[in-house]
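Next comes the sequence, and after it the predicted model I'd like to discuss.
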Amino acid sequence: MDYFDIFVSILGSTIRLSIPLIFTALAGLFSERAGIVDIGLEGKMLAAAFAAACLAYVSGSAWIGLLGGIGISIGFSMIHGFASITNRGNQIVSGVALNFIAAGLTIVLGQAWFSQGGRTPGLTGDARFSPIILPGADFMRDVPIVGPLYANVISGNNILTYLAFAAVPLSWWILYRTRFGLRLRAVGENPAAVDTAGISVSWLRFRALIVTGILGGFAGAYLAIAQSAAFINNMSAGKGYIALAALIFAKWKPVPVMLACLLFGFLDAVANFMQGKSIPMIGEVPVQIFQALPYVLTCILLAGFIGIAHPPKAGGVPYVKER
Amino acid sequence: MSTASVPLPNWISYGVLPVLNLLVAFFISGLVVWSIGENPFQALKLLIEGALGRGEAIGFTLFYTTSFIFTGLSVAVAFHAGLFNIGSEGQAYVGGLGAALVALALDHYVPWYVTMPFAVIGAALFGAAWAFIPAWLQAKRGSHVVITTIMFNFIAAALMVYLLVNVFIVPGKMAPETRTFLPGGQLPKLDWLMALFGMKLGPAPFNVSFIIALVMCYLVWLLIWRSKLGYEMRTLGISPSAAVYAGIPYSRTVIIAMLISGGLAGMMALNPVMGASARLQVEFVAGAGFVGIAVSLMGRSHPLGIVFAAFLFGILYQGGADLSFEMPNITREMIVVIQGLVILFAGALEYMFRPAVVRIYQTLSGK
Amino acid sequence: MTPHPAIELAGIDKSFGAVHANKNINLTVAKGSIHGIIGENGAGKSTLMSILYGFYQADRGEIRIDGKPITIRDSQTAIASGIGMVHQHFMLVENFTVLENVMLGAEGGQLLAKGVAGARKELKRLEAEYGLDVDPDAIIEELPVGKQQRVEILKALYRGAEILILDEPTGVLTPAEADHLFRILKVLRDQGKTILLITHKLREIMAITDEVSVMRRGEMVATRKTAETTVEELAELMVGRRVLLRVEKGEAQPGKVLLSVKNLTVKDSRGVTMVDDVSFDVREGEILGIAGVAGNGQSELLEAIAGIRKPTSGEILIDGQPVAGLDPARLRELGLAHIPEDRHHMGLVLKFEEYENSVLGYHRDPRYGRGALLDLDAIRKDAEEKIAKYDIRPPNPRLKTANFSGGNQQKIVVAREIERDPKMLIIGQPTRGVDIGAIEFIHRRIVEMRDAQKAVLLVSVELDEIRSLSDRIIVMFAGKVVGEATPDAGEQALGMMMAGAV
Amino acid sequence: AEIKPALVYGTGGKFDKSFNEAAYNGAEMYKKETGTEYRDFEPTSDTQGEQAIRNFASKGFNPVIAVSFAWTSAMEKVAAEYPDTKFVIVDSVVELPNVRSVVYNEAEGSYLVGLLAGMASKTGKVGFVGGMDIPLIRKFGCGYAQGAKSVKSDMQVFQNMVGTTGAAWNDPVRAGELTKNQIDQGADVIYAAAGASGLGVLQTAADNKKFSIGVDSNQNHVHPGSVLTSMVKRVDLAVYNAYKDLAEDKFTAGVQSNGIKDGGVVYAVDDNNKALITPEMKAAADKATADIIAGTVKVHDYMTDNKCPL
Ligand SMILES: Nc1ncnc2c1ncn2[C@@H]1O[C@H](COP(=O)(O)OP(=O)(O)OP(=O)(O)O)[C@@H](O)[C@H]1O
Ligand SMILES: Nc1ncnc2c1ncn2[C@@H]1O[C@H](COP(=O)(O)OP(=O)(O)OP(=O)(O)O)[C@@H](O)[C@H]1O
Ligand SMILES: [Mg+2]
Ligand SMILES: [Mg+2]
């Protein structure tokens, strides 16, 4: 296998592994830009994955599964909103709580319903988003350079992958070109300014959280019914946190968010690829090093060694008029 | 009229409100149990019997309580300094390494009571060391300690697995774990303490680290409310700007608070590693670090509250295991759900009932 | 037909917890007039205006606009009723452009593209009509405060405000900027708009308003035609008794230089120079006052001297010993006491009990406990002594600090800093938000410090305070010392310096 | 005699279509045959196993069967506490007088499926995805590689492990990615020995129209036409026999090792994969079976020296 093939293989893997990160980080983008820190992305993704898998299994339709995932994820967002917007609770504590609830509830319900150690039954056929082979992929395969890229990286992904990449410019457009976006960015910086402009801070933030919920739902659905064919215990496995780190690294901007997520996906892909292989001069590297790499990198990024990020000013602080 | 600034007596703030929050958390848990087709009252009965019904059960409950006291204190100490340490899990995991190294080094030569102080120090040092980098990053680079400690949980898992799989594993054995410690590396069980109450501990691993935990409670109380350092930590935790004004060094205080927090988390390892399984195993922390968050929030970051909250979670863990055994439909993850609900209601929704309670209080006290 | 008054308030009542901020307020404002509202800090002016603007809800009472009773549930209703407000603390999104700030809440459609062109045109028109010029594409945080305030006014006008509320608009302005603002306000009035102006400055009231109402401790105590009243009467109405703003003090006996600042430059976190090459000396036995409009570098200067902020360059000497860059704890040991300008954020930890605050910053002193532990008995005894000496009420060291009133909170800070018997005292806004009785008490203590041969550096935006306390005055403008004066210099002359006009 | 059987699964859960499901089937088989009810328990985390085993023992259940090596230390402890109860552990050895340890010669079974993989491969490259990186799983991989290379000595065998903790049994996403990597590198038959993670291997192979090989239970039906065969460990028999032996007072403690000879490990052929196994493949597999039983072919067991001689 020559270097180009390896490159293509890793690139394909990168994309598959980045998609849940992209959806989740965009989800976080909307809530954090509105001034609600969301450490509960992990839980949303997990709950959505579970709901998507259950509904897809019961209905036999991946689309219904997706809707279910979105529904649950919005529900989680609303609880987060109820705690941190309506009751002005600590946003981080609320997010952590939701992560626990998701981690526990998915297993409790999954086990009670399906008795597969918390997993859901495997999905087949239309219950799952299968890879789409783009026209001409097989024909193109033998064209040098472009061919393998087209056939193995661009083609052969499922619909959610393409939607994730579409969500990036869409998010940008919503944020910077619509009234909702303007207000959302404003409320994350200075909610009092929004309030005195006659706009309800709470409702605006709740709407932002609904968008977060929708995107979180896509992330979960991707995990359970596109990338895999079932829900598995704890399948989000820290991706929510990595997405959060990508969001910070990307300074809360949509396109950089995508790039940051691709970077993390790439690391993961390389880690998988390098397993059991030896690096010249160094020899075989323990797989744990690669497994820890994204987390180490996250810390390095957060430490601002690659530029300091200024979060939305009102982030994490509940909006209170009366002291 | 807004009720936010109406003062309430302590017994309401620290008694009624937390209990109310807890009750809601349990009520919702009951709904979950009911929704999967089991009887919540029956479940509650099984849970309590399973946790407190026999000497052995109580022994297990107290065993879990011990772990949760350590991690609860760990979260609380950081919390007082305004830091949300979600990394107790990883710090405890690495703390286990410290305890195990001491036990492995000494168990051949000395009795347990000689090993113990060194093990306490080893566990605390390793736990503190694991908290150091997130602490440093927070202090010097402003990276949010919440995220870095989560990352360090993952990194700890990778590190410990590497060590257990490649360094400590006993050749020919399947499970990645160290050899079994000799009695010189084990903390003895507290049979005598149970016997005082006329109960038999049986195989329950309730051990000496419980006493260490209680001592730590006292020391933490002393630290937070009676020491200069604790005063500085609380100042920083409540008002960073006032801390600057008062000349309280931010970096130093943050780092020390996190080191103490990490050290307490690390000591948690004494309980399962030296007190129960007598070896270092993968994933021995089993979520106790995260339980510490709930325990600390519920106990209002006060050692006494933490002891109560830890005992409650001890009951949940032991009783939950028994419950899931008797009602196979309810898995033990139900506890994680309850834990999440407690964090939600006792933490994020802490003040949800305050306005209502204020109104009732005002009516009753005739104001 | 007699035209209805623009605004009528009847029986407005509002409490924040235990604080009764507005008590049964009645107020009538004629259309096309400028109506002033004065009152001490905390009298409830902002609260009342915020109720009118829908930012807070009144607990009781009625609001009538143009004779029609309305319920102002939120700011949107207020805006729709033609009310615009320029808040005491600006309500701007700092990293947005002027245009985005003006459009926020009045975007003219779901998509921004459409509204933008219209907004630009309207801004041009308003600029031409009222002389309110600002670059629509400038980022707010890069604009000087005066310009930011214009954006606030533009926001209100852009929304078609007929009634304009300005809450202490001149606090951050130089006299010249203030005059410019007043010209704009007159133009607005002449076009039939109604203006409610809140200020502390009686001079401004006399200069521009048609009518003036006075608030005291949450109550509306009087309304006068401006032409028919005097500054003296208003001042008396404000505080409820005759005011004696002169402080009784003897001649200063300055000794050797104790605190010396040489070529000090301080930049803020964004790299903006806040203090620019400032030098001065403070001798023992004298009070040096620093006058200036808020935001001209006085705060940063104080913080640099107190060790809270690192100076970029220059020297600070205490007793000839360089101390720049030392931390506040070390400076306290050298005998520097600091009464910060913001007691809520710096001087006190509001959630602490009173006795805990009585040692803030001195908690490592051996008097309060040897070794690692605190001696709580000693601290409480000490706190009780201070409470008695400073008449802090209620006299309970175990009470949460938040539950003391502003004046008493300030006394807690003053007691702590002065009772340490420091060599030098630096003070920021010693009487902000403090009632008259406490003001006199605190002023007396400051003079006593001077008479005990301490060096005192005093920063205040209240010119009266500076003039009555200081032995020498320096004036800061845009981070620089622009002049030095004696206390008997005229207000006019000091005002010119504060505006950077000399 | 009357018995009160109990069964503790591994953390994969009862219906994992694999190892645990096999144990479950054994218990069901016994129940159907004798009408004896049994109690089972599915720990969802490693910490629960010990309590479950102890709970059963303390409540008078006998025999108590724990499948999965993960319960080794738990078994060591509990079995010592309850010397009168009979215990069975599958996939691990506990040397106590009241414990039967059932182990399998997975190397032999893996050798057979490796041979079939080698013959089915068109690219000359086959893959192996293991679950948790422990000697037991390396043993699978090593046997498999030996089998594949017996077809063609320059056969390339990619080997990956999903992880190093218990979570590796439950991570089909990573397993799927590893599979995809191997496919990208040219592998066209991939053997999964990864518990529930294996489902990800089977899925990815099916998605990419390659062959996979199931493990423990017969997984041929999971993706008919794509699962080439399954390396079946007759855990069902272990459970069934343990119950039966005790009921008939024939229970013996000690190590019970099951290889090809004892029918403990087999490769599965059924309607789902009949078409995939050509007569030549069948013949070769039969021959290898005979050779192994006869001892003319020796399959090296990784666990004897922690080495794979390839
Ligand atoms: N949001 C709030 N929550 C609680 N108390 C408040 C709030 N706003 C004002 N208060 C209290 O209400 C009282 C009146 O405050 P207000 O801001 O109306 O005074 P003001 O006359 O505008 O004073 P200043 O001249 O300092 O601006 C004060 O005691 C203040 O502490
Ligand atoms: N944030 C608060 N929380 C609880 N109680 C408060 C708060 N602020 C004020 N109070 C209570 O309300 C009372 C009135 O407060 P306010 O600030 O109006 O006092 P004041 O009469 O202006 O006193 P002073 O003359 O000392 O400023 C205080 O004595 C205090 O007990
Ligand atoms: Mg005001
Ligand atoms: Mg007051």
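Looks like it came in fine. Ligands and ions are numbered 1, 2, ... in the order given.

for the chain, what spans make up the strands?
Just going to use chain A. A:278-279, A:283-284 (DSSP state E).

Not quite, go with chain D.
D:6-8, D:39-41, D:64-67, D:87-90, D:99-104, D:125-132, D:156-163, D:189-193, D:211-216, D:227-233, D:254-258, D:265-267.

Any idea which residue of the stretch 1-150 of chain A lies closest to ligand 4?
Of the stretch 1-150 of chain A, the residue with the smallest distance to ligand 4, taken as C-beta to the ion, is A:Arg88 at 25.6 Å. For glycine as for every other residue, the C-beta is placed from the backbone atoms N, C-alpha and C.

Can you give me the distance of that residue to chain B?
7 Å (C-beta to the nearest C-beta, to the nearest Å).

which regions of the chain lie under the pLDDT threshold?
No chain was given, so I picked chain A. A:1, A:141, A:305-309, A:322-323 (pLDDT under 70).

The chain in question should be chain C.
C:1-2, C:18, C:41, C:171-172, C:174-175, C:239-246, C:433, C:435-436, C:501-502.

Kindly list the longest helix within it.
For chain C, the longest helix by residue count, based on DSSP state H, is helix C:112-130.

got the buried residues for that one?
Residues of helix C:112-130 classed as buried by neighbour count (16 or more other C-beta atoms under 10 Å in any protein chain shown): C:112, C:115-116, C:119, C:122-123, C:126, C:130.

my read: D:Ser68 touches D:Tyr9, true?
Yes. Contact status for D:Ser68 versus D:Tyr9: in contact at 7.3 Å, counting by C-beta atoms under 8 Å.

picking up where we left off before, can you tell me which residues contact the residue of the stretch 1-150 of chain A closest to ligand 4?
Applying C-beta atoms under 8 Å, 6 or more residues apart in numbering or on different chains, we find A:Arg88 in contact with A:318-320, B:351.

rewinding a little: possible to save the buried residues of helix C:112-130 as JSON lines with distance to D:Tyr38?
Converted to JSON lines, the buried residues of helix C:112-130 look like this (distance: C-beta to C-beta, whole Å):
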{"residue": "C:Leu112", "distance to D:Tyr38": "68"}
{"residue": "C:Gly115", "distance to D:Tyr38": "72"}
{"residue": "C:Val116", "distance to D:Tyr38": "74"}
{"residue": "C:Ala119", "distance to D:Tyr38": "76"}
{"residue": "C:Glu122", "distance to D:Tyr38": "81"}
{"residue": "C:Leu123", "distance to D:Tyr38": "81"}
{"residue": "C:Leu126", "distance to D:Tyr38": "85"}
{"residue": "C:Tyr130", "distance to D:Tyr38": "89"}
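
Looking at those residues, which is nearest chain D?
Closest approach to chain D among the buried residues of helix C:112-130 (C-beta to the nearest C-beta): C:Leu112, at 40.1 Å.

Correct me if wrong: that closest one contacts A:Arg179.
Yes. Between C:Leu112 and A:Arg179 there is a contact under C-beta under 8 Å: 6.3 Å.

follow-up on the earlier one: so which of the strands of chain A gets nearest chain B?
Per C-beta to the nearest C-beta, nearest to chain B of the strands of chain A: strand A:283-284, 11.4 Å.

Briefly note if the closest one comes near chain B.
No. Using C-beta under 8 Å from any C-beta of the partner chain, strand A:283-284 stays clear of chain B, with a minimum separation of 11.4 Å.

what residues does that strand touch?
Contacts of strand A:283-284 (C-beta under 8 Å, 6+ apart): A:276-278.

hmm, back to that, okay, and the common contacts of D:Ser68 and D:Tyr9?
Common neighbours of D:Ser68 and D:Tyr9 (C-beta under 8 Å, 6+ apart) are D:Asn20.

Let me know the secondary structure of the closest residue to B:Trp130 other than its chain neighbours.
Nearest in space to B:Trp130, with sequence neighbours left out and distances taken as C-beta to C-beta, 6 or more residues apart in numbering or on different chains, is B:Val94 at 4.1 Å. Judged by DSSP: H, G, I helix; E, B strand; the rest coil, the three-state class of B:Val94 is helix.

For B:Val94, grab the count of nearby residues.
29 (other C-beta atoms under 10 Å in any protein chain shown).

swap in C:Lys423?
Neighbours of C:Lys423 (other C-beta under 10 Å): 16.

How about C:Leu360: what's its closest non-neighbour residue?
Closest to C:Leu360 by C-beta to C-beta, 6+ apart is B:Ala246, at 4.9 Å.

How about the contacts made by the residue of the stretch 1-150 of chain D found nearest chain A?
In the stretch 1-150 of chain D, the residue that lies nearest chain A is D:Gly13 (1.8 Å; C-beta to the nearest C-beta). Contact analysis of D:Gly13 by C-beta under 8 Å, 6+ apart lists A:111, A:115-119, D:20, D:42, D:44, D:196.

ok, now how distant is the residue nearest to B:Trp130 from chain A?
13 Å.

what does B:Lys45 give?
19 Å.

Next one, pLDDT for that residue please.
pLDDT, B:Lys45: 93.

I'd like to know how many residues surround it.
By other C-beta under 10 Å, neighbour count at B:Lys45 equals 14.

Next: D:Met303.
Neighbours of D:Met303 (other C-beta under 10 Å): 18.

so how far is C:Glu62 from it?
88 Å (C-beta to C-beta, to the nearest Å).

Same question for C:Ser46.
For C:Ser46, the distance to C:Glu62 - C-beta to C-beta - is 20 Å.

the more surrounded of those two?
More crowded of C:Ser46 and C:Glu62, by other C-beta under 10 Å: C:Ser46, with 22 against 14.

Give me the distance between the residue of the stretch 1-150 of chain D closest to chain A and ligand 4.
65 Å (C-beta to the ion, to the nearest Å).

With adjacent residues omitted, what lies nearest to that residue?
A:Gly117 (1.8 Å).

Can you tell me, leaving aside adjacent residues, what's nearest to residue 66?
Since no chain was named, I'll use chain A. Leaving aside its chain neighbours, A:Leu66 sits nearest to A:Ala221 (4.4 Å; criterion: C-beta to C-beta, 6+ apart).

Oops, wrong one, chain D.
D:Val8 (4.3 Å).
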